[in-house]
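[1] curious how this folds, go ahead:
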Amino acid sequence: MIATLGKDHTMKTSVQIQEAIHTLTAAFAPLNCVIQAARKDSFSFTLVDEHGIACHSERLYPQQYQADEPLRAVIQRVQSSLAA
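    Have a look, this model is predicted:
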């Protein structure tokens, strides 16, 4: 039973990460959102412009992507940073 719980947690986390990646990709288009160093519960994303220049890079942890509001706060903060 413990193995099943661990597997369910891993699958749920994987789905949450995929949803967060989709949200980030949509939020920062037309920049390319490159996912790097995906590990257990966290992942890094880098925003790359049309010239291949990285504009922003950040690592996200579960508390930042498992709920809509924290992910929205990350997106707003990064968008403000890019506009500056």
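[2] in stretch 25-34, which residues are buried?
    25, 27-28, 31, 33 (16 or more other Cβ atoms under 10 Å). For the C-beta atoms, the positions are set from N, CA and C on the backbone; glycine is no exception.
[3] from those, which land in helices?
    25, 27 (DSSP state H).
[4] nearest to Arg72 among the buried residues of stretch 25-34?
    Using Cβ to Cβ, Ala27 is the member of the buried residues of stretch 25-34 that sits closest to Arg72, with 8.8 Å.
[5] quick one: what helix or strand has the closest residue to that closest one other than its chain neighbours in it?
    Counting by Cβ to Cβ, 6 or more residues apart in numbering, Ala27 lies nearest to Ile75, which is 4.7 Å off, once chain neighbours are set aside. Per DSSP states H and E: Ile75 is located in helix 68-83.
[6] counting contacts, what elements does that helix pack onto?
    helix 2-27, strand 54-60, helix 62-65 (3 or more Cβ pairs under 8 Å, 6 or more residues apart in numbering; DSSP states H and E).
[7] 6 Å - rerun?
    Helices and strands touching helix 68-83, as assessed by 3 or more Cβ pairs under 6 Å, 6 or more residues apart in numbering; DSSP states H and E, comprise helix 62-65.
[8] ok, residues contacting the helix it packs on?
    Contacts with helix 62-65, where a contact means Cβ atoms under 6 Å, 6 or more residues apart in numbering, come from 20, 41, 70-71, 74.
[9] starting at the chain centroid, how far to that helix?
    For helix 62-65, the separation from the chain centroid amounts to 9 Å (computed by Cα atoms, centre = their mean, to the nearest Å).
[10] what's the answer for stretch 48-59, then?
    Distance of stretch 48-59 from the chain centroid (Cα atoms, centre = their mean) equals 14 Å.
[11] could you list the buried residues of that stretch?
    Buried residues in stretch 48-59 (16+ other Cβ under 10 Å): Val48.
[12] for that stretch, output the C-alpha coordinates as PDB.
    Taking Å, rounded to 0.1, in the frame of the first residue of the first chain, the C-alpha atoms of stretch 48-59 are listed here in PDB:
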ATOM      1  CA  VAL A  48      14.500  32.400 -24.700                       C
ATOM      2  CA  ASP A  49      13.800  35.100 -27.300                       C
ATOM      3  CA  GLU A  50      13.700  34.700 -31.100                       C
ATOM      4  CA  HIS A  51      17.500  35.200 -31.300                       C
ATOM      5  CA  GLY A  52      18.200  32.400 -28.900                       C
ATOM      6  CA  ILE A  53      19.100  34.700 -26.000                       C
ATOM      7  CA  ALA A  54      18.000  33.700 -22.500                       C
ATOM      8  CA  CYS A  55      15.900  36.400 -21.000                       C
ATOM      9  CA  HIS A  56      15.100  34.800 -17.600                       C
ATOM     10  CA  SER A  57      15.700  31.600 -15.800                       C
ATOM     11  CA  GLU A  58      14.200  30.300 -12.600                       C
ATOM     12  CA  ARG A  59      13.600  27.100 -10.600                       C
END
